[in-house]
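Chemist: following is a predicted model, sequence given first.
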Amino acid sequence: MLPVLIDIVSTTSISYAKIGIIRLLTKMSQNVSYDDSIDSNANISLVTIDYYLHTCILPVIIVFGTIGNIANIYIFTRPVLYRSCSIYFLAGGINGLLLLLFGTTTRWLGHAFHNLDATEYSLFFCRFRFYFINVIYDLAPYFIACVTVDRYCSSSTSVNIRRLSARPKLAYLVVFGVTLLSCLVFLHTPFYYTIIDSSCQPMSGVYTRFYSSFAAAYYFLGVIIIIIFGLGTTYNVRMQRKRIQPVMIRTTKIDRKRQRSDGQLLLILFVHVACYICLAMPYHILSIFAAVQPAFLKNSTFLFIQDVTIITLNISQAVSTT
């Protein structure tokens, strides 16, 4: 479950920060029963750090992530890279751009400027926003999974399997199918999101556990696909190298250029996978903990760590594109 957005109301930047921190503490005190071992001063420090992390880091993520995704879109729309693998990277770049410009930006505005947080008073925007960001956040691992599957097919020794990677039109259908699937599987969220104490969140009770478990399971399914086909691609590449005979093989300039492009795409894939898993997985792991043990959601330290993992989740969309 995405954490409670910080309320900020004032006319100057200084009062925005002070009043925002005070109001967040008030809101958290209504919903969170802290452990006796946690000093109130420590709670104030955590909330203050959380506020400044979001208001200072998120704009940087938005700027550099937007530049990186636009660069990706430009690179992978070049005719020389017209292949199925590039189409999946292109889809990932567009998805990352939407995620940063809508999901990350609205989150930053909600933290920095209280009166710009429409999720606190508009039920329609509350439901639309969280449905849309659920879809685009969880599309990210599946587009990477599509690339790993494509690279596995491209490196296969089977001619029939390799042909699947040589059909860009098929890649467009896969992108459409994956997007449609994500739109459908999260279709339940608009009906069960509501505004509670000026906070847009899943309805309390059974659905809160279901949502956390479902979102984490859907994410890890994509990660499992990435790992399986990533290992399969590595195996195929090693087998290809072993089959190379110790004789000089004449290759054309076009063949060498294509081999170099394939190697670059494979390197980009591994960078995407490493960055995404390292930066995005912590949030989903904490979501599982929260689903298994809801008491964690009443611990200020856990909520602070969860907020930090949301920042790293957004960073994953900026770092993996640069």
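Modeler: The structure has been received and is ready for your questions. Quick caveat, the model's predicted, so the values are computed rather than measured.

Chemist: residue 90 contacts residue 77, doesn't it?
Modeler: Yes: here residue 90 reaches residue 77: they are 6.4 Å apart, a contact under C-beta atoms under 8 Å. Quick note: C-beta positions are derived from backbone N, CA and C, even for glycine.

Chemist: the two: who's more crowded?
Modeler: Neighbours of residue 90 and residue 77, each counted by other C-beta atoms under 10 Å, are more numerous for residue 90; the result is 20 against 13.

Chemist: counting by contacts, list what whichever strand or helix holds that one packs against.
Modeler: Following DSSP states H and E, one finds residue 90 within helix 84-98. Contacts defined by 3 or more C-beta pairs under 8 Å, 6 or more residues apart in numbering; DSSP states H and E place helix 84-98 against helix 40-75, helix 123-154, helix 168-185, helix 253-292.

Chemist: next SSE after the shortest one?
Modeler: By that I understand helix 168-185. With elements assigned by DSSP H and E, the helix or strand that comes after helix 168-185 is helix 189-192.

Chemist: pLDDT on that following helix, on average?
Modeler: When pLDDT is averaged along helix 189-192, the result is 90.

Chemist: can you list the weak-confidence ranges in this structure?
Modeler: Where the chain drops to pLDDT under 70, the residues are 1-43, 241-265, 320-322.

Chemist: spell out for me which residue occupies the centre of it.
Modeler: For the chain, the residue nearest the mean C-alpha position is residue 137 (4.2 Å; C-alpha atoms, centre = their mean).

Chemist: for that residue, give me its contacts.
Modeler: Residue 137 sits next to 99, 103, 313 when contact means C-beta atoms under 8 Å, 6 or more residues apart in numbering.

Chemist: surely the second one meets residue 136?
Modeler: The reference is to residue 103. Yes: in this structure, residue 103 is within contact of residue 136 by C-beta under 8 Å, at 6.4 Å.

Chemist: okay, now residue 240: neighbour count?
Modeler: Counted with other C-beta under 10 Å, residues neighbouring residue 240 total 12.

Chemist: so it sits against residue 154, correct?
Modeler: No: distance between residue 240 and residue 154: 10.7 Å, which falls outside the contact criterion (C-beta under 8 Å).

Chemist: picking up where we left off before, any idea which of the contacts of residue 137 is the one closest to residue 282?
Modeler: residue 313 (8.0 Å; C-beta to C-beta).
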